[in-house]
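Asks: Just to be clear, the model below is a prediction. Sequence and coordinates:
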Amino acid sequence: MGPPERADPPTTRAGPVKVTTGPLKGLAGHYGRGGASVYRLPDGTFFVRLEEIETPRAPAVFVYLVPRAGQTAPDGGVDLGSLKGNQGSQNYMVPAGVDVSRYQRVLLWCRRFSTPVAAATQSQV
């Protein structure tokens with residue numbers, strides 16, 4: 001009888017973990033469908049994922065994390081960059097050092113007309 005076989009732990013790679021999520025809803029007479037979630041990566045960085053969204057085509061729309069749940073303007077928010085498309089799924093990296101727990105809403109804001117397009121208030125997963 002030989003020595004007992006040693007089972008090594010499986011090598012699995014940790015993936016992104018969804019931290020918060022919420023449905024995307026249109027604002028100011030615009031429509032908005034889909035969802036927005038904040039994910040944490042294994043290295044501690046975060047990103048916002050717009051999931052299967054549908055919004056109107058609008059010029060100069062930017063994605064923000066904003067502090068208040070009912071907020072409809074980007075004041076005090078974190079600019080995540082311009083909207084990559086008005087349909088589908090897309091990711092936006094959160095800058096290093098941003099405390100995502102201080103932000104309660106993902107906001108799509110049209111800079112050209114200074115108006116909100118859509119937003120998703122975040123809830124803990």
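Replies: Sure, I can see it.

Asks: which residues does the residue positioned nearest the centre of the chain contact?
Replies: Among the residues of the chain, residue 48 comes closest to the average C-alpha position under C-alpha atoms, centre = their mean, at 2.3 Å. Going by C-beta atoms under 8 Å, 6 or more residues apart in numbering, residue 48 touches 36-39, 63, 65, 80, 91-92, 94, 106. Yep, even glycine has a C-beta here, placed from its N, CA and C like the rest.

Asks: Go through the residues you listed and name the one nearest residue 24.
Replies: residue 36 (5.5 Å; C-beta to C-beta).

Asks: just the strands in the protein please.
Replies: All strands of the chain, identified by DSSP state E, fall at 17-23, 25-26, 33-40, 46-54, 61-66, 78-82, 87-93, 105-110, 115-121, 123-124.

Asks: Including mean pLDDT and distance to residue 72, could these go into a markdown table?
Replies: Formatted as a markdown table, the strands of the chain follow (pLDDT from 0 to 100; distance: least, C-beta to C-beta, whole Å):
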| stretch | mean pLDDT | distance to residue 72 |
| --- | --- | --- |
| strand 17-23 | 98 | 15 |
| strand 25-26 | 98 | 11 |
| strand 33-40 | 98 | 15 |
| strand 46-54 | 98 | 18 |
| strand 61-66 | 98 | 9 |
| strand 78-82 | 98 | 16 |
| strand 87-93 | 98 | 19 |
| strand 105-110 | 98 | 7 |
| strand 115-121 | 98 | 4 |
| strand 123-124 | 97 | 18 |
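
Asks: JSON lines for those, including distance to residue 99?
Replies: Below are the strands of the chain laid out as JSON lines (distance: least, C-beta to C-beta, whole Å):
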{"stretch": "strand 17-23", "distance to residue 99": "12"}
{"stretch": "strand 25-26", "distance to residue 99": "25"}
{"stretch": "strand 33-40", "distance to residue 99": "12"}
{"stretch": "strand 46-54", "distance to residue 99": "10"}
{"stretch": "strand 61-66", "distance to residue 99": "10"}
{"stretch": "strand 78-82", "distance to residue 99": "10"}
{"stretch": "strand 87-93", "distance to residue 99": "15"}
{"stretch": "strand 105-110", "distance to residue 99": "15"}
{"stretch": "strand 115-121", "distance to residue 99": "18"}
{"stretch": "strand 123-124", "distance to residue 99": "15"}
